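Participant: Prediction below, plus the sequence it came from.
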4 protein chains.
Amino acid sequence: MVRGESAFPDDREQWIIDLLNRLEADDVRKTEKQIRIIEAAVEVFSEKGFAAASTSEIAQRAGVAEGTIFRHYKTKKDLLLSIAAPVAVKLFAPFLMRDFAKLLEMPYDRAEDLFRAILRDRLDFARKHKKLLRILVHEVPFQPELLAQVKDLFTHIVIARIEPLIRHFQERGALREMPTWRVIRATVSQFVGMVVFHVFLAPEFPFDEEEEIEQTVDILLHGIAGRPS
Amino acid sequence: MVRGESAFPDDREQWIIDLLNRLEADDVRKTEKQIRIIEAAVEVFSEKGFAAASTSEIAQRAGVAEGTIFRHYKTKKDLLLSIAAPVAVKLFAPFLMRDFAKLLEMPYDRAEDLFRAILRDRLDFARKHKKLLRILVHEVPFQPELLAQVKDLFTHIVIARIEPLIRHFQERGALREMPTWRVIRATVSQFVGMVVFHVFLAPEFPFDEEEEIEQTVDILLHGIAGRPS
Amino acid sequence: MVRGESAFPDDREQWIIDLLNRLEADDVRKTEKQIRIIEAAVEVFSEKGFAAASTSEIAQRAGVAEGTIFRHYKTKKDLLLSIAAPVAVKLFAPFLMRDFAKLLEMPYDRAEDLFRAILRDRLDFARKHKKLLRILVHEVPFQPELLAQVKDLFTHIVIARIEPLIRHFQERGALREMPTWRVIRATVSQFVGMVVFHVFLAPEFPFDEEEEIEQTVDILLHGIAGRPS
Amino acid sequence: MVRGESAFPDDREQWIIDLLNRLEADDVRKTEKQIRIIEAAVEVFSEKGFAAASTSEIAQRAGVAEGTIFRHYKTKKDLLLSIAAPVAVKLFAPFLMRDFAKLLEMPYDRAEDLFRAILRDRLDFARKHKKLLRILVHEVPFQPELLAQVKDLFTHIVIARIEPLIRHFQERGALREMPTWRVIRATVSQFVGMVVFHVFLAPEFPFDEEEEIEQTVDILLHGIAGRPS
DNA sequence: GATGAATGAGTTTTCATTCAT
DNA sequence: TATGAATGAAAACTCATTCAT
């Protein structure tokens, strides 16, 4: 399921490889009914929210008996976690590849390319997993397990990969001197804002994707102020 | 309750004045028990989410009988809307003042000041109404009434106030030429990102507020790229 | 509820007085529906056993909605314990009166009278609370809370009241020298056997109560062996 | 399975021989999985009671699939009866041997020996089949089939064997004149009390078995009253 | 206006039993 | 013969809402 979804497919760290392999193994092991249950649950959870979703509606939409759900998932919450937890991993996974380390050897002007690649990749991801992301975002504040996992993933990524990278770009003069957290926040804000707008708020809004990516990265890098001619 | 919360307190448009007056009138009319109910509901809704909150817990925390809640609010959803709808109004209210129109006469370099004033004002607002905003954000996607109201308010603001303002600044050369929606999105992203970070994600994170505001606006205007010396 | 049930009504120890008062207070506080629920629960539990009893049947027999049961008792188990725990107390209560201590001053031949009084009293009690005793006996092995309470009550009684009494009678020659536990076991066996027989196994079996009591005590004291003439 | 368990192994009445043979034949016919199912069922039934035991837990403990249980036993209740019914038979079996009839020719002083032999034998039996007896005792009141069988066995024994024996001993002066049912009740009470105490209530309680048996029989025969010296 | 007992429809969950493989 | 996924009826329990007091 990860294969082909990321722009950076190979050569990840061992633990993340294991984690992703396990997820893939889980996927393979699923019976047809189980898949239908998952699909129905994703539908209902994303439409009504976890608490307002009823297992009876999920069963109905999946075309299985209600008992069947509980044969595969001990509780309704289990069903949620088995859906939401993998999304969190996949959401952050591309930032954990070994390639990321190699970026340190990039020439100065590749910072822009990197930003574009990431933005393009995650925009695709969000489109492909729109409902799952809705569920993840909505339930993270109420499910301590999810919250912990997301925090954990984010921290690992930031400390291990992103901060060194930012400092590297700053040393080369590609990025302004400022606290790394501020760079991260500005970038994440801009990217999340762009993805949320096109995927969730105004999915019908027509736009040239490549131009949007370019412009968004340009705004991030150079701001919206008028440039003295 | 709006008075004093906004940096731009007086002289609004008529319809928004009426709306705010009505809200204020509602506030005044509240009995002590009703206030306790609202407070308890805000607590419980923000902790567990609307669907997972029980009216019995709200009654308990408010120190009233369960029946009392339904004497004041026909249904649980009514209680939610009576809490969440005003927040949406207050969230957008400051952008509807007449002062905003006057900004068009501002000198070029005041664009920065305006951004700073707005960011400071809304950061304060978010801190003061943290729980209410949590509720609003979580329930908007599931409550069509709320969604419609938020969309309505936002559209009114954008068309009536913000787009002209942006075009004004662009004409003066204070902002780069680009579609207004892109300016708006970039600004909102950056500001929301900053507020979410300091109010919701890392409220303990120590920071110099004025510097943060200045830096955030600076990044918005000039980007994070290194500047050729 | 204790008043009139015991042959030894007054002047108990403080803790048992408190406990019994609390039980009585609980009884008084009960609404009419609550009483109907308890009665129905006693019926159903004693007919089918706790695990096989359904709350819906209890509700039906009590003539209340199923939800009403759970308004008064958090869980089905709570309902069981609120029924069974008091029986355990009442079962042992009479052995805790202060009068019991006074028995030490009795003349030798009163041992028989004491045995007869106890047997008569507990036979009455068993008849009056037949169903409750069924429930208690059946559920004690499966409900750790009940088991603990019964053990606790029994131990207190034996150590504080019965062992000294037995030793007293042994010193006077009214009872043979043998370990106190063996005296207790023999007596309890004989009495329980008699009560179980007349109340539970063969309630229709006609008998002269006074004579039965006399004979049972006589067998306990002098055995069933033929007496050399 | 009966052979060697009773102190009186041979030479039973025809109908009970047939019954026991049939039970034994059933045992022999059992596959290894069936045996594991029975063992697991005994465990779970005795731990939780029949109604609270789940076939899935039994299957799990037996290491078989849930369906396998129902291949061998039509229903869960069938499984219970196939376990409990034989215990009832074995519990009463020894009283049905032909030897019992021969006891009528015993000399007077052998009454004590008989009591001792029976008590020793049934104490062993209870220890060996502790869990089965728990099940039997707990389920008899709720399973009409079991109740009928136990009553039937008991009646047969009493009428056919025990009453004549008691009358025989009474005629010889070995037992006091009193209604036979009272002799039986006194004996059963004392013996059951002793077995319950040592096997179920206080299995850790250390005791000299032969002395206990002797003392218990002595108490049954001569009572606990002090003997005038 | 306030109460809180009562409701009953709805929820999640369990479980004995069936049946295709 | 054995399996175990699937079932659906029933279980325990929840909860928004009503209403007599």
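Facilitator: Good, I have the coordinates. Numbers count the residues shown, from 1 in each chain, chains lettered A, B, ... in the order given.

Participant: got the contact list for A:E139?
Facilitator: Residues near A:E139 by CB atoms under 8 Å, 6 or more residues apart in numbering or on different chains: A:F45, A:G49, A:F50, A:L80, A:A84, A:L146. C-beta coordinates here come from the backbone N, C-alpha and C atoms, glycine included.

Participant: Widest-spaced pair of the residues you listed?
Facilitator: Using CB to CB, the contacts of A:E139 span at most 14.0 Å, a distance reached by A:G49 and A:L146.

Participant: before we move on, back to that, columns distance to A:D152, pLDDT and neighbour count on top of the contacts of A:E139, output as JSON lines?
Facilitator: Listed next are these as JSON lines, based on distance: CB to CB, whole Å; pLDDT from 0 to 100; neighbours: other CB atoms under 10 Å in any protein chain shown:
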{"residue": "A:F45", "distance to A:D152": "23", "pLDDT": "97", "neighbour count": "25"}
{"residue": "A:G49", "distance to A:D152": "24", "pLDDT": "96", "neighbour count": "22"}
{"residue": "A:F50", "distance to A:D152": "21", "pLDDT": "97", "neighbour count": "23"}
{"residue": "A:L80", "distance to A:D152": "18", "pLDDT": "97", "neighbour count": "22"}
{"residue": "A:A84", "distance to A:D152": "14", "pLDDT": "95", "neighbour count": "25"}
{"residue": "A:L146", "distance to A:D152": "11", "pLDDT": "93", "neighbour count": "20"}
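
Participant: Relative to chain D, which of these is nearest.
Facilitator: Closest to chain D out of these is A:L80 (24.0 Å), distances taken as CB to the nearest CB.

Participant: surely the closest one meets A:F45?
Facilitator: Yes - at 6.6 Å, A:L80 counts as touching A:F45 under the criterion of CB atoms under 8 Å.

Participant: picking that back up, take the contacts of A:E139 and keep only those in helices.
Facilitator: By the criterion of DSSP state H, membership of the contacts of A:E139 in helices covers A:F45, A:L80, A:A84, A:L146.

Participant: List just the nearest of those residues to chain C.
Facilitator: Nearest to chain C among the ones in helices among the contacts of A:E139, with distances taken as CB to the nearest CB, is A:L80, at 25.1 Å.

Participant: which bits of chain A sit near chain D?
Facilitator: Within chain A, no position is near chain D by CB under 8 Å from any CB of the partner chain.

Participant: host element of the residue nearest the centre of chain A?
Facilitator: Closest residue to the average C-alpha location of chain A: A:L91 at 2.4 Å, with CA atoms, centre = their mean. Counting by DSSP states H and E, the element that carries A:L91 is helix A:76-92.

Participant: So which elements touch that helix?
Facilitator: Judged by 3 or more CB pairs under 8 Å, 6 or more residues apart in numbering or on different chains; DSSP states H and E, helix A:76-92 is in contact with helix A:14-29, helix A:32-48, helix A:55-62, helix A:130-139, helix A:144-157.

Participant: how many neighbours does A:R22 have?
Facilitator: 12 (other CB atoms under 10 Å in any protein chain shown).

Participant: wait, I meant A:E43
Facilitator: Neighbour count for A:E43, taken as other CB under 10 Å: 16.

Participant: And A:A41, how close does it get to A:A25?
Facilitator: Note on A:A41: its distance to A:A25, by CB to CB, to the nearest Å, is 20 Å.

Participant: neighbour-wise, which of these two wins?
Facilitator: Taking neighbours as other CB under 10 Å, A:A41 and A:A25 compare with A:A41 leading, 26 against 9.

Participant: Enumerate every residue touching the more buried one.
Facilitator: A:A53, A:I58, A:A62, A:L79, A:L80, A:I83.

Participant: Could you rerun that using 7 Å?
Facilitator: By CB atoms under 7 Å, 6 or more residues apart in numbering or on different chains, the contact list for A:A41 reads A:I58, A:L79, A:I83.

Participant: Spell out which residues of chain A are next to DNA strand E.
Facilitator: A:53-57, A:66-67, A:69-71, A:74-77 (CB under 7 Å from any atom of the strand).

Participant: Make a PyMOL selection of the buried ones in those residues.
Facilitator: Remark: buried members of these, expressed as a PyMOL selection using 16 or more other CB atoms under 10 Å in any protein chain shown:
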select buried, chain A and resi 53+55+57+69+76
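
Participant: Would you format the residues of chain A next to DNA strand E as TSV with pLDDT included?
Facilitator: Putting the residues of chain A next to DNA strand E into TSV (pLDDT from 0 to 100) gives the following:
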residue	pLDDT
A:A53	97
A:S54	96
A:T55	96
A:S56	96
A:E57	96
A:E66	95
A:G67	95
A:I69	96
A:F70	95
A:R71	93
A:K74	95
A:T75	96
A:K76	97
A:K77	96
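
Participant: from the residues of chain A next to DNA strand E, which are also near DNA strand F?
Facilitator: Among the residues of chain A next to DNA strand E, DNA strand F is touched by A:E66, A:G67, A:F70, A:R71 when using CB under 7 Å from any atom of the strand.

Participant: Need the max-distance pair from these.
Facilitator: Maximum pairwise distance among these (CB to CB): 10.2 Å, between A:E66 and A:R71.

Participant: correct me, but A:S56 touches A:A65?
Facilitator: No - the criterion here is CB atoms under 7 Å, and A:S56 misses it with A:A65 at 10.1 Å.

Participant: So which bits of stretch A:110-130 are buried?
Facilitator: Applying a neighbour-count criterion of 16+ other CB under 10 Å, one finds A:111-112, A:114-120, A:122-126, A:129 buried in stretch A:110-130.

Participant: Now chain A against DNA strand F: closest residue?
Facilitator: DNA strand F sits closest to A:G67 of chain A, with a gap of 1.9 Å, by CB to the nearest atom of the strand.

Participant: Specify the local secondary structure of that residue.
Facilitator: helix (DSSP: H, G, I helix; E, B strand; the rest coil).

Participant: what's the distance between it and A:A59?
Facilitator: For A:G67 relative to A:A59 (CB to CB), the value is 8 Å.

Participant: Repeat that for A:E24.
Facilitator: Taking CB to CB as the measure, A:E24 falls 27 Å from A:A59.

Participant: Of the two, which one has the most company?
Facilitator: A:A59 (21 against 14).

Participant: before we move on, back to that, which of the helices and strands packed on helix A:76-92 has the lowest average pLDDT?
Facilitator: Mean pLDDT is lowest for helix A:14-29 among the helices and strands packed on helix A:76-92, at a mean of 72.

Participant: What is that one packed up against?
Facilitator: helix A:76-92 (3 or more CB pairs under 7 Å, 6 or more residues apart in numbering or on different chains; DSSP states H and E).
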